[in-house]
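Asker: Based on what follows, work out the 3D shape:
(2 chains)
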Amino acid sequence: MIAYKFLCAGGVGPFSRYAWPLPRDGGAGAWVASAADAVLCHGAVHACRVSDLPWWLHDELWETELDGTVTAGRHKVMAPRARLLRRVEGWDAACAQRFADACAQRARDHAAAALDRAGASALAADLRRAATTRELRDTAYGAEPPEAARVAVTMAGDAARRAFAGAAVVTAYIAAHAAARVEGAEAMHAERAWQSEWLRAALSLPA
Amino acid sequence: MSADEIVCREFAELATDYLERAMPDETLELVEEHLAMCDWCRDYLAQIETTARAVGAEADAPDTAPPAATLQELLDAFRARAGGGASR
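Answerer: Numbers count the residues shown, from 1 in each chain, chains lettered A, B, ... in the order given. The predicted structure follows:
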């Protein structure tokens, strides 16, 4: 099975701190077997499907081949062994920033919807006019929304603040929760699906 | 704990178990999902790891171990506290 792994710079596991053997000379990296290395957690190598990507964003994204019986967790897959095939070059700091900005804009739209419902259409329009992350942050934090929309507007400001700092994974998390806050629990799944699709398209990953 | 995710306060309660790998896979996934996006909890975890290493190194050094009488006093104090005794 082909899956993906987010790693720290240099191919290091963010949780295991395991230095993955990198592909070289045009070939795949060496196989890493979970049983052979106690550093890897709970007897399995972890990776993610395209739909899981927004939960695990990190410095580097690697296409990964899993071998053996693959089991699925909520937002990851596990296998007895895996190897890195290639780095997904499209995922870099600039792409992470674009994704963070897009997520902040989504949080903005959820907040604007909450404002419309609360009868604060002028403020909703102000928020929608905030084209940049900085404008969104300043507009949201400077707003005085009605109580019914207060949390959603704060979340939009928080999303913009974290996006402005380049924290893509946090911005995505806030946007998902903003969706749930305004539209209900199912909207969180839809928001995560939107994020996965954004990443898939931006990185030209297979569906 | 929510079935969908954990928050920072819950992570603080699970941090030691996480370091000791003493948790079921389902909880592990929740913990790592939280860690992936929470820099505060990553810092907290790093602090715990650093403290554990420092305490472990001290405990392994025989010349820095406290005297037996001091250890006994500490144990008595902990037991009294755990048993509902007076706390300071």
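Asker: Please tell me the pLDDT value assigned to the residue most central in space within chain B.
Answerer: Note on chain B: the residue nearest the mean C-alpha position is residue B:16, at 4.3 Å, using CA atoms, centre = their mean. Residue-level confidence at residue B:16 comes out at 90, pLDDT.
Asker: That one against residue B:48, yeah?
Answerer: Yes - when contacts are counted by CB atoms under 8 Å, residue B:16 is listed as touching residue B:48 (6.9 Å). Using the backbone N, CA and C atoms, a C-beta is placed for each residue, glycine as well.
Asker: can stretch A:179-187 be found next to chain B?
Answerer: No - applying CB under 8 Å from any CB of the partner chain, one finds stretch A:179-187 separated from chain B by no less than 8.9 Å.
Asker: CA atoms only for that stretch, dumped as PDB, please.
Answerer: The C-alpha coordinates for stretch A:179-187 follow below in PDB (Å, rounded to 0.1, in the frame of the first residue of the first chain):
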ATOM      1  CA  ALA A 179     -17.000  24.700  11.300                       C
ATOM      2  CA  ALA A 180     -18.300  22.500  14.100                       C
ATOM      3  CA  ARG A 181     -19.100  25.500  16.200                       C
ATOM      4  CA  VAL A 182     -21.100  27.200  13.600                       C
ATOM      5  CA  GLU A 183     -22.600  24.400  11.500                       C
ATOM      6  CA  GLY A 184     -22.600  21.400  13.900                       C
ATOM      7  CA  ALA A 185     -20.400  18.300  14.500                       C
ATOM      8  CA  GLU A 186     -20.800  16.900  11.000                       C
ATOM      9  CA  ALA A 187     -19.300  20.100   9.600                       C
END
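Asker: Touching it from outside, list them.
Answerer: For stretch A:179-187, the external contacting residues (CB atoms under 8 Å, 6 or more residues apart in numbering or on different chains) are A:106, A:110, A:111, A:113, A:114, A:151, A:152, A:155, A:188, A:190, A:191.
Asker: Chain B contacts on chain A?
Answerer: Within chain A, the positions lying close to chain B (CB under 8 Å from any CB) are A:14-15, A:41-42, A:55-58, A:73-76, A:167, A:169-170, A:172-173.
Asker: Any idea how far apart the tips of stretch A:140-149 sit?
Answerer: Its start and end residues considered, stretch A:140-149 measures 11 Å (CA to CA, to the nearest Å).
Asker: Quick check: buried residues in that stretch?
Answerer: A:140, A:143, A:145, A:149 (16 or more other CB atoms under 10 Å in any protein chain shown).
Asker: now do stretch A:5-25
Answerer: Neighbour counts over stretch A:5-25 (16+ other CB under 10 Å) mark A:5, A:6, A:7, A:11, A:13, A:14, A:15, A:16, A:18, A:20, A:22, A:23 as buried.
Asker: ok so, going back, can you flag the buried ones in the residues of chain A next to chain B?
Answerer: A:14-15, A:41, A:55-58, A:73, A:75-76, A:167, A:169-170, A:172-173.
Asker: Where is pLDDT lowest across those residues?
Answerer: residue A:41 (51).
Asker: Helix or strand: which one has the residue of chain A found nearest chain B?
Answerer: The minimum distance from chain A to chain B, using CB to the nearest CB, falls at residue A:169 (4.5 Å). Residue A:169 belongs to helix A:168-183 when assigned by DSSP states H and E.
Asker: Chain A: helices as residue ranges?
Answerer: Assigned by DSSP state H, the helices in chain A fall at A:93-117, A:121-129, A:133-142, A:147-164, A:168-183, A:185-202.
Asker: Give me the phi and psi for whichever residue of chain B sits closest to chain A.
Answerer: Residue nearest to chain A within chain B: residue B:37 (4.5 Å; CB to the nearest CB). Residue B:37 adopts backbone torsions of phi -120, psi 0, taken as degrees, to the nearest 10.
Asker: Kindly report the same for the one 3 residues further on.
Answerer: Note on residue B:40: backbone dihedrals following degrees, to the nearest 10 are phi -60, psi -50.
Asker: what residues are up against it?
Answerer: Residue B:40 neighbours (CB under 8 Å, 6+ apart): residue B:8.
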